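Visitor: Fold the stuff below for me.
(2 chains)
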Amino acid sequence: MSEASATSPRDVPRTAAVVHNPAIRRARVKVVSIYAVTAVLMVWMVVKTAGGNVQFQPTSPFDANQISPIDFPARTTGLACLIGVVALGVGSYVVLSWLRILFGVVAGFAFMLCFFCWAYSGQEQIAITNPLSDSLKAATPLILGALAGALCERSGVINVAIEGQFLMGAFAASVVGTLAWSPYLGMLGAVGASVLVAALLAVFSIKYQVNQVVLGVVLVVLAGGVTGFLLDQIPDNKIPDLNQPPVLSPVAIPGLAKIPVIGPAFFDQTVLIYIMYASVALVTFVLFETKWGLRVRAVGEHPTAADTVGIKVRRIRYQAVLFGGVFAGLGGAFFTVGSNGAFDKDLSAGNGFIALAALIMGRWHPIGATIASLFFGFMLQLQFQLQVLQRIPSELLAITPYVATVIAVAGFVGRVRAPAADGEPYSKS
Amino acid sequence: MGEPEQEPGAGTDEADSGADEPDAGTDESGVEPDERTQPRAKTWIESVLPTVQVSFASIVLALIVGAVLIMVSNDHVVSTWGYFFADPWGAVTTATSAVWDSYKALFSGAFGSSAAFGGTLGKATPLIFGGLGVSLAFRVGLFNIGAQGQLFFGAICAGYVGFTWNLPPVVHLLAAVVAGIIGGAIWGGVVGVLKARTGAHEVIVTIMLNYVALGILRWLLLTNPFQIPGSNNPQSPYVDDNALYPHAGGYNLGFVVALLAAGLVWWLLGRSTLGFEMRAVGANPDAARTAGMSISKAYILAMLIAGALAGLAGTQQVLGHRDPLTDGIAGSIGFDSITVALLGRASPFGTVVAALLFGALQSGGIQMQAATNTPLTLTTVLQALIVLFIAAPALVRSILRVRARADAGGVLAKGWNG
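Guide: Model prediction:
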């Protein structure tokens, strides 16, 4: 009897007819209106799309295995995408589950494709390039930063200071890398500097119980000030000795790098990017499959209960924050030894905050944060790719990643729930 | 630094009494319960003194750390450390004189003359507006990182009215200021609406909208009314003289407006029904909802007003002095506003005092950079250290070996979950 009643809700079709909950109706109206706006935009694009073909070039000119570019008809493809989005919109109205998020993602890709058809149509010389490699590069520091945030916040310590860890890491990577003339030692230096910031975060939040949001902002300002000040203090004639590090060069993984299209993008990168792959796996494994990870999550959700069963709350929090510092430092190293070399003031340019946003968008889960970071990285490289076309002013293109994030957060992610004890200092009483 | 050292002390204490109010109901902070329940009668001076001590000590500690930074990084000083064993006294005097000269220039640049003090007030004015906006949002439990974007939008709207319209003297200024307020309020209000309607996290939305506002400004600066005719520079025409804030000898009416705004926010938060609802939502949204208050309304109104205040900071940037609108119009004001609000413990009076301190540091820092070769960025370090030390009174007390007091510092925005 009880079994039957337990399964009965599953039998009820989750369709529009049976739902009278105003909250669900509101959510439905919201999603449908987003689809409607998207569809209207796409109609405009399809109308404006010039005839002829658009070319997609899956390989970069530097790849070993060249694939000939693919041509497809611009207007027909755009129209197909439009029809697809309308169908998904109707689907989202009917279906009330996680499928809606999947629909949103697919619709997003359809929209992008339609947009490409519009933007590239009538410009036969310029092919759409493979976005994978640049997206991955743009996402790497975000992913590493978000991993640092995930470790901290799962243990109950808010980390707004990722940007500060990036700055200190980037600066230390540049200086150490230059002094030792090794990008690898530079990465070690970055880890050291970032762990130092993490130690400040840990001591002030755990020992002195400073409000953690306050503390994070202050540490960002402090890191920006210290790195900027030290950079200003380097006289011009000493810059080559202190701030011109060698950069990491790509290392192809034998075999994997030969895979067409995705091989060069994912497996012919610098060591830092391979470390990023490993870090995502490591943090996910550690947080969700190990005893220590269980303790971290327990301490972040309910420290009193964790304390009752004998877990040392403060010790676990110190460990989690310091361990997180390692990843943020590697993320910081990306800005100097991982890409362009020399450190400049405010080099990370708000990426630490975007990593924080990715962490929240990914609901404090390493994998979720990685997907959010990749999304952001894709949008970021898109803007550089489209700048060549000059169909849209580049200043407006520059805002697309941020607008897309707001739409994604407001339209599809919605309300998120942080670890319950996130931001609350713990003291035995 | 005699004068500013006293000010934050008085300010933070005032802030204490204000910030403690909403806490009383939902006391989850690390306050020892036994100490809290102890009845104690304190005279006014007894309650003020420890905060003054901590604030004073925080500033001194920050200056000491700053001095160490100068000593280890100043190229001239570093070169004398090399001869330390040959001429120890010489090395020490070089180091101390480098620090002394820097701080002397810093102080005289902030307070040394009437013009210097005017500069301090000028730097403090936008920080007061921005800080008030961030403070207000804090009190409702929202972490508003978006002062920068709201400031951009206020500046865009105020600037547009300022350099395209032609109106008589007082009317033009008023119109431009109102436009700035509306611009900022819209940009802030979007955050409130998204938070209230969709639950989008305000931290994400404000961060993103900062970039969006900057992008829009950069784009506008390449379009017709926002560009000097015949020029290709991303720089707007100059604002009409009628639209400028009246000023005399470096002193600007904007500062008075900022003080009025602080008074208004104080009244709103401390004396009005709306402010009570806002603080109730900030202290405990669930309890506020149970009591029949609308959380959506509190969020939206708070972000509208916070945006309007940041928009006022934007008006100060375009209408305060004859500078054109550029993409550097906001400088680091948006971010400094957060630190100012934190230092002022989200109280209007504390915000004003904190903004004055920061204004003094920034204004004096320019003089310091010009007179000595100590970079302006030192003031950023000092600002951060001061806030850090003041936020951790337990640390400062342990250094000073002062006994702890019951209040462990005001709690502002709590965790992500509100």
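Visitor: Tell me the residues of the stretch 51-200 of chain B that contact chain A?
Guide: By the rule C-beta under 8 Å from any C-beta of the partner chain, the part of the stretch 51-200 of chain B lying against chain A is B:L69, B:S73, B:N74, B:D75, B:F143, B:I145, B:L194, B:R197, B:T198, B:G199, B:A200. For the C-beta atoms, the positions are set from N, CA and C on the backbone; glycine is no exception.
Visitor: Got a ChimeraX select line for the buried ones in those residues?
Guide: Of those, the buried ones go into a single ChimeraX selection, burial set by 16 or more other C-beta atoms under 10 Å in any protein chain shown:
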select /B:69,73,74,143,145,194,198,200
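Visitor: of the residues of the stretch 51-200 of chain B next to chain A, closest to A:G362?
Guide: Looking at those and their distance to A:G362, the nearest is B:A200, at 14.5 Å (C-beta to C-beta).
Visitor: Secondary structure of the closest one: a helix, I assume?
Guide: No: read with DSSP: H, G, I helix; E, B strand; the rest coil, B:A200 is coil and lies in no helix.
Visitor: Pull the most distant pair out of the residues of the stretch 51-200 of chain B next to chain A.
Guide: The two members of these with the most space between them (C-beta to C-beta) are B:D75 and B:R197, at 55.5 Å.
Visitor: tell me the contacts of A:I367?
Guide: Applying C-beta atoms under 8 Å, 6 or more residues apart in numbering or on different chains to A:I367 gives the contacts A:V280, A:T284.
Visitor: can you give me the strands in the stretch 101-250 of chain A?
Guide: Listed in chain order, the strands of the stretch 101-250 of chain A (DSSP state E, counting those that start in this stretch) span A:128-129.
Visitor: Tell me where the model's unsure across it.
Guide: Counting by pLDDT under 70, the stretch 101-250 of chain A contains low-confidence ranges at A:123-125.
Visitor: For it, list the residues in contact with chain B, please.
Guide: Taking C-beta under 8 Å from any C-beta as the criterion, the neighbours of chain B within the stretch 101-250 of chain A are A:153, A:158, A:204, A:208-211, A:213-215, A:217-222, A:224-226, A:228-233, A:235, A:238.
Visitor: Swap in 7 Å and give it another go.
Guide: A:158, A:204, A:208-211, A:213-215, A:217-218, A:221-222, A:224-226, A:228-230, A:232-233, A:235 (C-beta under 7 Å from any C-beta of the partner chain).
Visitor: of those, buried ones?
Guide: A:158, A:204, A:208-211, A:213-215, A:217-218, A:221-222, A:224-226, A:228-230, A:232-233.
Visitor: show me the contacts for A:L248.
Guide: Shown in contact with A:L248 (C-beta atoms under 7 Å, 6 or more residues apart in numbering or on different chains): A:P183, A:T270, A:V271, A:L272, A:V337, A:G338.
Visitor: May I ask you to confirm that A:E301 is in contact with A:A420?
Guide: Yes: in this structure, A:E301 sits in contact with A:A420. The criterion is C-beta atoms under 7 Å, and the distance is 4.7 Å.
Visitor: picking that back up, quick one: which of the contacts of A:L248 sit in helices?
Guide: Of the contacts of A:L248, the ones assigned to helices by DSSP state H are A:P183, A:V271, A:L272.
Visitor: got a list of what the second one touches?
Guide: Read that as A:V271. A:V271 sits next to A:L248, A:V251 when contact means C-beta under 7 Å, 6+ apart.
Visitor: The last one now?
Guide: Under the criterion of C-beta under 7 Å, 6+ apart, the contact list for A:L272 reads A:T140, A:L248, A:L330, A:A333, A:F334, A:G338.
Visitor: For it, give its distance to chain B.
Guide: In this structure, A:L272 and chain B are 25 Å apart, going by C-beta to the nearest C-beta, to the nearest Å.
Visitor: Leaving out sequence neighbours, find the closest residue to that residue.
Guide: Distances taken as C-beta to C-beta, 6 or more residues apart in numbering or on different chains put A:G338 closest to A:L272, at 4.6 Å, once the chain neighbours are dropped.
Visitor: same question, B:T380
Guide: By the measure of C-beta to C-beta, 6+ apart, the closest residue to B:T380 outside its immediate chain neighbours is A:G225, 3.3 Å from it.
Visitor: so which strand or helix has residue 281?
Guide: In the absence of a named chain, chain A is used. Taking DSSP states H and E as the criterion, the element that holds A:A281 is helix A:271-289.
Visitor: was after chain B, sorry
Guide: Counting by DSSP H and E, the secondary-structure element that holds B:V281 is helix B:273-283.
Visitor: Same question for that helix: list its buried residues.
Guide: B:G275, B:F276, B:E277, B:M278, B:R279, B:A280, B:V281, B:G282, B:A283.
Visitor: ok so, going back, burial measure for the residue nearest to A:L272, as a count.
Guide: When neighbours are counted by other C-beta atoms under 10 Å in any protein chain shown, A:G338 registers 30.
Visitor: what's the distance between it and chain B?
Guide: In this structure, A:G338 lies at 22 Å from chain B, with C-beta to the nearest C-beta as the measure.
Visitor: can you give me the helices in the stretch 1-150 of chain A?
Guide: Assignment of helices within the stretch 1-150 of chain A using DSSP state H, counting those that start in this stretch yields the ranges A:2-11, A:22-48, A:74-94, A:99-120, A:132-154.
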